[in-house]
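J.: Here you go, sequence then predicted model.
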Number of protein chains: 4
Amino acid sequence: MKILAINDDGVYAPGLWAVVEALQDVAEVVVVAPDREQSGVGTAITLSRPIRATEVVPLVDGIKTYAVEGTPADSAILALESLVEGPVDLVVSGINQGSNMGNDVFISGTMGAALQGFFRGIPTIAISVAALKNLHFAPAARVARLLAQGVADGKLVPPLLLNINLPNVPLEKIKGVSLTHLGQRTYMDVVKEGDDGRRKYYWITRERPGWVLEKGLDIWAVRRRRISITPIHTDLTSNTISREIRGLTRDIRQAFRP
Amino acid sequence: MKILAINDDGVYAPGLWAVVEALQDVAEVVVVAPDREQSGVGTAITLSRPIRATEVVPLVDGIKTYAVEGTPADSAILALESLVEGPVDLVVSGINQGSNMGNDVFISGTMGAALQGFFRGIPTIAISVAALKNLHFAPAARVARLLAQGVADGKLVPPLLLNINLPNVPLEKIKGVSLTHLGQRTYMDVVKEGDDGRRKYYWITRERPGWVLEKGLDIWAVRRRRISITPIHTDLTSNTISREIRGLTRDIRQAFRP
Amino acid sequence: MKILAINDDGVYAPGLWAVVEALQDVAEVVVVAPDREQSGVGTAITLSRPIRATEVVPLVDGIKTYAVEGTPADSAILALESLVEGPVDLVVSGINQGSNMGNDVFISGTMGAALQGFFRGIPTIAISVAALKNLHFAPAARVARLLAQGVADGKLVPPLLLNINLPNVPLEKIKGVSLTHLGQRTYMDVVKEGDDGRRKYYWITRERPGWVLEKGLDIWAVRRRRISITPIHTDLTSNTISREIRGLTRDIRQAFRP
Amino acid sequence: MKILAINDDGVYAPGLWAVVEALQDVAEVVVVAPDREQSGVGTAITLSRPIRATEVVPLVDGIKTYAVEGTPADSAILALESLVEGPVDLVVSGINQGSNMGNDVFISGTMGAALQGFFRGIPTIAISVAALKNLHFAPAARVARLLAQGVADGKLVPPLLLNINLPNVPLEKIKGVSLTHLGQRTYMDVVKEGDDGRRKYYWITRERPGWVLEKGLDIWAVRRRRISITPIHTDLTSNTISREIRGLTRDIRQAFRP
């Protein structure tokens, strides 16, 4: 069995190596990750120019490791289409430094990499810890290991994409596990303006707003020190079509009638 | 009424100005778009550094126009949080050079910009023509104008995100209008390897595979020379949770029991 | 006669178009300039990936104009090796917003572009106004025009590279013209540290130190409201070899003796 | 004594660590180098945005090592202004993969980093091996060590900037040591045109032309399997001012006379 480990915090981020360490005796692990931190790059793929990949020294002995001068999604594509020999049985994206909940999954590089595994029909998990500093990786590493074991045992079959978020607490403080829904809003973008002496600049910054902590949402679970597991699909088609949309579609049809 | 026009092909791309021209007597139009072509950057937001925006010469007289040294999503955030005064009533992302159908919407910069309008509760449309060269923009411009009129008339209210694709034909060749679902696959990523004399490189390239042209899908409509309108939602939570996932969730729960 | 106009402030910077306007009836002018501001990029050339050039709308009618997604030196190379047809008789780099004096010429993009003209045996001038805001371009434009006329009249022959700096005053306030030497120091780099919430960052900022205003230096001339013209060579070989260097060279020779 | 080791091939390039290994028992060595390969970026400094530096795992035990998300010159400035505590006694830039001779020193990132040491009054050497693959680093490492010993012994005092090039041969094949002049031309830029399916692109590529192998030039020495040591100065003022330049300066003076 072969596992691709990937992240968006950069190839030497500690969360990546915490999960590699936990997975290495379940399967062969290959690391292909961006050479720089890539928070916020979401689903971005580099199409306009070639990119480089360099084999680098692993932080866990014996793990084949590539640093990619590109995005997390670039790294996943390079790994799955070119760098990794033979089929990959599981893609693990993380352990991310910072939660990926609610709408944030759209701009998450962790999810951007994960989607490339999922689109190729490979069981994929994205896994994050809800803190930016002093992270407890052990619970997340254990969850990843249990899921990898599940794949090894044939219990997890594609299509499968799980978005997992953990509270930043040690193992013994975890209160439980919940299957959750994505919340509707987690961050607010604030634009800070400045001047470097030559020109004005704008710096997009994410700030944490208040939100409704409805039961069953990812944020609700994590706030209760529970592990949040959200099964993800990628069909963005809305099933509810309003009367207004139907009306306007009719108007457009009318306008294009010969 | 105020419309934000945005794209991912760059501020001087002809599709952007075709739609601006069509919209300018329905509402005040402001253009805020990337200064460079940004295909494939999807939802990416620049968080790690400040970005610049410059007011530039418009291609349609009298249109306030900003070029942003960032992604389409950056442009939308800067526009909506800082550059545009007063509320925006409609966000139009496009007219894109090239279709945005099926899973491609995830890596589409056109959609990446549109999502930022939608997340802020503004009626938003993403609009694309299915060709890379010699584009017919008139039908797409007319559709955008009809929808803008709909917003002006109070017929289109948020939450609203429409992904619209048109075949590359002149007005009189349009065969109809369909409310569609996103298809499941449109492109294949191929990684081409090369060497610049110093180092190996990898170039991600999208190739068009065969696909199933099921009735009701976006690709089906466009192939039939119909205008495809797909209502989009952004809830990535999967409603179908397999027995296997429930089983593994139980296992994880078990493993974390004190 | 054909002139290549180039800069490092970006293709729509006003200084570039002030000089284009002044030159257009002396010769055919072609503009090839970076699409973004590029201060500080010095001599940088993009070798690791391909770059794009787009023909854009000129700010002076009838001028063929390209925006390059690269550095000033990239722009010069693309212009001289590919974009401009036929031989170029003069390269004008500027009018730069901000002086380029003393050691700053090494990190000046204006000079980085100019060097590529000079290396190819083309008469080349770099021209700058010593201010960041509210610039008077007329004196610099007139100087450029006089030099272009000199090239047209066969009075200026290669090898020729002039670095010209003007005080920021209107025509009538110019006090004279001096042939000068480069000063030894103009800016100090200061590194400001900050934190974006996730990580520490460092921002290199140039600050203006005090300096010795020795007669005959570029800075001396500009401070006296004189036009400074510095003839440039590119032989970085030092002619003074100290006794110590000779001694150490002997030691190395000794060490490598079989 | 403290040495700053830096390069333009990236923090994990083998040439950097070959020199670190040779220097570590002469002085305390600190490594501050770009996180990615940066060939061709020359003197470029990043002024328009902040940059990041991360402490990373050294390839030689006990060496404090930072990877900078910027250019070689950025790395030098960050090191000397912020990251390295206490005064630096010697800057070593290299060992570069590929020669830096003739005019190429202007676009060499190795030299771009070295200049920042020199501008700050620190003895500085740039050191390169004339090959892109299968490099012999031992002779270059020995030269660097001898020069570091010279600084330790007070034999090398600023201002000092040496540009050193070695032939790619093992120790015993070195034929001697020469104090040299920079040659006049080493590379030719060729622009290769291509198309990525969406847009035309241009790729600047350096090709090796024939050249005159005059005695005393750097290229002459290296071709003879000798170590080339070129003392560098940074005064770009030309001492030879032609009659034509004097004439035109007079014309300009005339034109600006009130």
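T.: Right, received. Where do you want to start?
J.: In the stretch 101-250 of chain A, which residue sits nearest chain D?
T.: Distances between the stretch 101-250 of chain A and chain D by C-beta to the nearest C-beta are smallest at A:Asp196, namely 6.8 Å. C-beta: built from backbone N, CA, C; applies to glycine.
J.: Which residues are in contact with that residue?
T.: B:Pro50, C:Trp203, C:Thr205, D:Leu47, D:Ser48 (C-beta atoms under 8 Å, 6 or more residues apart in numbering or on different chains).
J.: what residues does the stretch 101-250 of chain A put near chain D?
T.: Counting by C-beta under 8 Å from any C-beta of the partner chain, the stretch 101-250 of chain A comes close to chain D at A:Asp196, A:Arg198, A:Arg199, A:Tyr201.
J.: Among the residues you listed, name the buried ones.
T.: A:Asp196, A:Arg198, A:Tyr201 (16 or more other C-beta atoms under 10 Å in any protein chain shown).
J.: could you check the distance from the first one over to C:Asn7?
T.: When you say that, I think you mean A:Asp196. Distance, A:Asp196 to C:Asn7, using C-beta to C-beta, to the nearest Å: 19 Å.
J.: follow-up on the earlier one: least confident of the residues of the stretch 101-250 of chain A next to chain D?
T.: Lowest pLDDT among those: A:Arg198, with 79.
J.: In three-state terms, label the residue lying closest to it once chain neighbours are set aside for me.
T.: Nearest residue to A:Arg198, sequence neighbours excluded (C-beta to C-beta, 6 or more residues apart in numbering or on different chains): C:Leu132, at 6.0 Å. For C:Leu132, the reduced secondary structure class is coil; criterion used: DSSP: H, G, I helix; E, B strand; the rest coil.
J.: Surely C:Leu132 and A:Gly197 touch.
T.: Yes: with contact defined as C-beta atoms under 8 Å, C:Leu132 reaches A:Gly197; the gap is 7.3 Å.
J.: So these two - more neighbours on which side?
T.: Neighbour count, other C-beta atoms under 10 Å in any protein chain shown: between C:Leu132 and A:Gly197, C:Leu132 has more, with 14 against 9.
J.: isn't A:Val19 right next to A:Val92, touching?
T.: Yes: A:Val19 is within contact range of A:Val92, at 5.9 Å (criterion: C-beta under 8 Å).
J.: related to what we said a few turns ago, among the residues of the stretch 101-250 of chain A next to chain D, find me the one that's closest to B:Val143.
T.: A:Tyr201 (36.4 Å; C-beta to C-beta).
J.: any idea which helix or strand carries the closest one?
T.: If you go by DSSP states H and E, A:Tyr201 is part of strand A:200-207.
J.: which one is A:Gln149 nearest to, not counting chain neighbours?
T.: A:Val26 (5.9 Å).
J.: How about A:Gly176?
T.: Residue nearest to A:Gly176 in three dimensions, not counting chain neighbours: A:Arg226, with 4.6 Å by C-beta to C-beta, 6+ apart.
J.: Spit out the contact partners of that neighbour.
T.: Neighbouring residues of A:Arg226 by C-beta under 8 Å, 6+ apart: A:Pro167, A:Ile174, A:Lys175, A:Gly176, A:Val177, A:Ser178.
J.: State whether the second one and A:Arg225 are indeed in contact, as I suppose.
T.: Yes: contact status for A:Ile174 versus A:Arg225: in contact at 6.3 Å, counting by C-beta under 8 Å.
J.: More neighbours: which of these two?
T.: In this view A:Ile174 and A:Arg225 are compared by other C-beta under 10 Å, and A:Ile174 has more residues nearby, 24 against 14.
J.: mind checking pLDDT for the more buried one?
T.: pLDDT, A:Ile174: 97.
J.: wait, what's in contact with the residue nearest to it when sequence neighbours are not counted?
T.: With C-beta to C-beta, 6+ apart as the criterion, A:Ile174 has its nearest non-adjacent residue at 4.9 Å, and that residue is B:Phe256. Applying C-beta under 8 Å, 6+ apart to B:Phe256 gives the contacts A:Pro139, A:Arg142, A:Leu171, A:Ile174, A:Gly176, A:Val177, A:Ile227.
J.: Just to be sure, which of the residues you listed are found in helices?
T.: Those of the contacts of B:Phe256 mapping onto helices are A:Pro139, A:Arg142, per DSSP state H.
J.: of all the contacts of B:Phe256, which comes closest to chain C?
T.: Distances from chain C to the contacts of B:Phe256, taken as C-beta to the nearest C-beta, are shortest for A:Pro139 (21.9 Å).
J.: So that closest one versus A:Ser128, what's the distance?
T.: Between A:Pro139 and A:Ser128 the computed distance is 12 Å (C-beta to C-beta).
J.: And the closest residue to A:Gln24 other than its chain neighbours, what's its pLDDT?
T.: Once flanking residues are discounted, A:Gln24 sits nearest to A:Val60: 6.4 Å by C-beta to C-beta, 6+ apart. On pLDDT, A:Val60 comes in at 97.
J.: these two touch, right, A:Val60 and A:Ala22?
T.: No: using C-beta under 8 Å, A:Val60 is not in contact with A:Ala22; the gap is 10.0 Å.
J.: can you pull out the strands in the stretch 1-150 of chain A?
T.: For the stretch 1-150 of chain A, the strands defined by DSSP state E, counting those that start in this stretch cover A:2-6, A:28-34, A:53-55, A:64-68, A:90-97, A:124-129.
J.: Of all those, which one is nearest D:Val84?
T.: strand A:64-68 (24.8 Å).
J.: Next up, the contacts around the residue nearest to A:Gln24.
T.: Contacts for A:Val60 were tallied using C-beta under 8 Å, 6+ apart; they are A:Trp17, A:Val20, A:Glu21, A:Gln24.
J.: For the first one, which non-adjacent residue is spatially closest?
T.: What it means is A:Trp17. Nearest residue to A:Trp17 in three dimensions, chain neighbours excluded: A:Leu59, at 4.5 Å (C-beta to C-beta, 6+ apart).
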